[in-house]
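Participant: whatever this is, show me its structure:
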Amino acid sequence: MCGEDHVSGLNFDHRRGWIVERIQQLAALFAIDVAAYAVMSNHYHIVMRIDRERASEWSIEEVLKRWTALFTGPVLVTGYLSASRAEMSQAEITEVEAQAEVYQERLHDLSWFMRTLNEHIARRANAEDGVKGRFWEGRFKSQALLDEKALLAAMAYVDLNPVRAGLAETPETSDYTSIQERVVGLPKEIGSDADPQKTTTIKESEKMLDGERLRPETETQVLSPAPLMPFDATAQTPWAVPFAFEDYLELVDWTGWALRTDKTGCIEKREPEILARLGIDGERFIGFAERLLKRGRG
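Facilitator: Model (predicted):
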């Protein structure tokens, strides 16, 4: 899907970049923040925060602009966003306002975020392969993170997915992960106009998602990306990860060594200070995170 095809000998790693790029573009439009991600060859993980309050503060025009950045929208909506609004009747404006309420709900809806993400990647990959049909095996699965321990566990294990799979030696060399982005930046091909594979074209008749017409690929590819959620140990920023980044890095590095049982030598006994401050036992943290992600996959 997004890796080495041993039958054809072709490599599709560039599709992992597609996924990262689209995640960040959608995060800029939806009231959904991304804390961590890891894109593997046949699946991906994302840790996200849904901000319903932020979406509720958007004006009608803001909601419509965000939605129509992805979808063309009905004629009345496009008219409302143009100079033609002055000529619209009150009944037409009322209809647009009702439609904006629907879009506002969708813009903080995890299902719509994931459907829009997966649909885009599926159509783009199928167009590249010259095929039709299902690309993803099934619908996404989600797991609620209800406290700081769950958030830390999920983020650390998502960032360490390539290390767990034996594909990387260290977190910063884990390609297409949020930890690599935070430490060394995004791969060069993400956000660039140059595609390592042939240019693909998706037919107009295929650009529909649940009755909404998707915008052409050339228009959505230029959408601005959103940055990852920042870290803020003071917990004064409501949309930030409530820890210091250096503490999180120490935790990820320690957890990575704990996971690599094939490494020679012993694992350092000293646990990260962040676990002590939160009153979390290191061994229990490892076990909790493994169970958490297994439930998410199951």
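
Participant: which stretches of this structure have low pLDDT?
Facilitator: Low-confidence regions of the chain, defined by pLDDT under 70, span residues 1-12, 129, 133-134, 136-137, 188-189, 191-207, 259-270, 289-298.

Participant: ranges for the helices of this protein?
Facilitator: Listed in chain order, the helices of the chain (DSSP state H) span 14-29, 52-56, 60-68, 75-80, 90-106, 110-129, 148-159, 161-164, 178-184, 217-220, 245-259, 273-277, 282-297.

Participant: out of the ones you listed, flag the one nearest Pro238.
Facilitator: helix 52-56 (8.7 Å; Cβ to Cβ). Where you see a C-beta, it was placed from the backbone N, CA and C, and this is true even at glycine.

Participant: follow-up on the earlier one: reformat the helices of the chain as a markdown table; add mean neighbour count and distance to Val39.
Facilitator: Formatted as a markdown table, the helices of the chain follow (neighbours: other Cβ atoms under 10 Å; distance: least, Cβ to Cβ, whole Å):
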| stretch | mean neighbour count | distance to Val39 |
| --- | --- | --- |
| helix 14-29 | 21 | 4 |
| helix 52-56 | 14 | 26 |
| helix 60-68 | 18 | 24 |
| helix 75-80 | 16 | 33 |
| helix 90-106 | 15 | 24 |
| helix 110-129 | 18 | 10 |
| helix 148-159 | 22 | 10 |
| helix 161-164 | 22 | 9 |
| helix 178-184 | 20 | 10 |
| helix 217-220 | 14 | 19 |
| helix 245-259 | 19 | 17 |
| helix 273-277 | 15 | 26 |
| helix 282-297 | 15 | 15 |
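
Participant: I'd like the ones you listed laid out as CSV, including distance to Tyr44.
Facilitator: As requested, these are exported to CSV (distance: least, Cβ to Cβ, whole Å):
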stretch, distance to Tyr44
helix 14-29, 6
helix 52-56, 24
helix 60-68, 23
helix 75-80, 32
helix 90-106, 22
helix 110-129, 9
helix 148-159, 9
helix 161-164, 9
helix 178-184, 11
helix 217-220, 19
helix 245-259, 18
helix 273-277, 26
helix 282-297, 12
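
Participant: can you say which of those helices is nearest to Lys141?
Facilitator: With respect to Lys141, and counting by Cβ to Cβ, the nearest of those is helix 282-297 at 5.7 Å.

Participant: closest to Phe231 out of the helices of the chain?
Facilitator: Closest among the helices of the chain, using Cβ to Cβ: helix 245-259, at 4.0 Å.
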